[in-house]
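Peer 1: pasting the sequence and the predicted coordinates here, then a few questions.
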Amino acid sequence: MKTLIAYGTKYGTTRKVAEVISQRLPGEVDLVDLKEEKDPDVCAYDAILIGASVYGGNIQREVRSFFDHQKENLVSKPYGIFIAAGNNLEVERNYRVYVGKTIYDHAEIKEYIGYSYDFTKMNFFEKTMIKKVAKVTENIEKLDEEGINNVVQWVKEVEGRLSKPITDKTAEH
Ligand SMILES: Cc1cc2nc3c(=O)[nH]c(=O)nc-3n(C[C@H](O)[C@H](O)[C@H](O)COP(=O)(O)O)c2cc1C
């Protein structure tokens, strides 16, 4: 079982969750920051997870361009999508509207993984905006355990699907 977790992140929430997920998965897991490696080959994996975070109403450019390049390959593979955002409605809006209906519809799971706000990493304008719009004034982390568990569970289900034919074949002999 080989899983790819490809993600975009600005301040690290999505990376942190991707790492947490990777530690709980069976088999081999490759973690790829799409800013550093733009186009990992999804064909080399049994399951693919793509994560992103929302800034100013959209996900990272490198994540959108990964979908553009890998769209054909992805739709024939089991893949899931997840998102870090202040608003839990952002999964659908960002992936269905901005990445595309085909990618959104074919994803086997679509999970919200929570958010964090770290004022030490924000610039002056970001701090002002977050205080005003999100009404948050100090560092906070609210990861969504249910969403994270669903992602882990889904990869285990894919693993079960993959191992089934081998088990059946063994049983025949
Ligand atoms: C400047 C700024 C803009 C943001 N814009 C949005 C937004 O438009 N919608 C939203 O749901 N969350 C928004 N967020 C919340 C982020 O998605 C959240 O902080 C997330 O945890 C960031 O993940 P990352 O560290 O992996 O980039 C914003 C956060 C910041 C600091």
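Peer 2: The structure has been received and is ready for your questions.
Peer 1: ok, for Ala44, nearest residue in space, not its chain neighbours?
Peer 2: Lys2 (7.0 Å; Cβ to Cβ, 6 or more residues apart in numbering). Every residue, glycine included, has its C-beta placed from N, CA and C.
Peer 1: what's the burial count for Ala85?
Peer 2: 22 (other Cβ atoms under 10 Å).
Peer 1: confidence score at it?
Peer 2: Note on Ala85: pLDDT of 95.
Peer 1: ok, it - contacts?
Peer 2: Ala85 makes contact with 53-54, 91, 94, 112, 115, according to Cβ atoms under 8 Å, 6 or more residues apart in numbering.
Peer 1: so it versus the ligand, what's the distance?
Peer 2: Note on Ala85: its distance to the ligand, by Cβ to the nearest ligand atom, to the nearest Å, is 3 Å.
Peer 1: do Gly51 as well
Peer 2: Taking Cβ to the nearest ligand atom, one finds Gly51 at 8 Å from the ligand.
Peer 1: show me what that residue is bridged to.
Peer 2: Taking DSSP bridges as the rule, Gly51 bridges to Tyr7, Phe82.
Peer 1: identify, by residue count, the longest helix of the chain.
Peer 2: Using DSSP state H, we find that the single longest helix of the chain is helix 145-172.
Peer 1: now that one, how far from the centre of its chain.
Peer 2: 19 Å (Cα atoms, centre = their mean, to the nearest Å).
Peer 1: got it, and stretch 144-162?
Peer 2: 12 Å.
Peer 1: and for stretch 110-127?
Peer 2: In this view, stretch 110-127 has its centroid 16 Å away from the chain centroid, taken as Cα atoms, centre = their mean.
Peer 1: so for that stretch, what gets flagged as buried?
Peer 2: Buried positions in stretch 110-127, judged by neighbour count with 16 or more other Cβ atoms under 10 Å: 110-117, 122, 126-127.
Peer 1: so what's Asp168 scoring on pLDDT?
Peer 2: So, for Asp168, pLDDT stands at 54.
Peer 1: actually, His173.
Peer 2: 50.
Peer 1: need the contacts of Ala85 in TSV with secondary structure, can you?
Peer 2: Shown next, in TSV, are the contacts of Ala85 (DSSP: H, G, I helix; E, B strand; the rest coil):
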residue	secondary structure
Ser53	strand
Val54	strand
Val91	helix
Asn94	helix
Tyr112	strand
Tyr115	strand
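Peer 1: alright, I will stop here.
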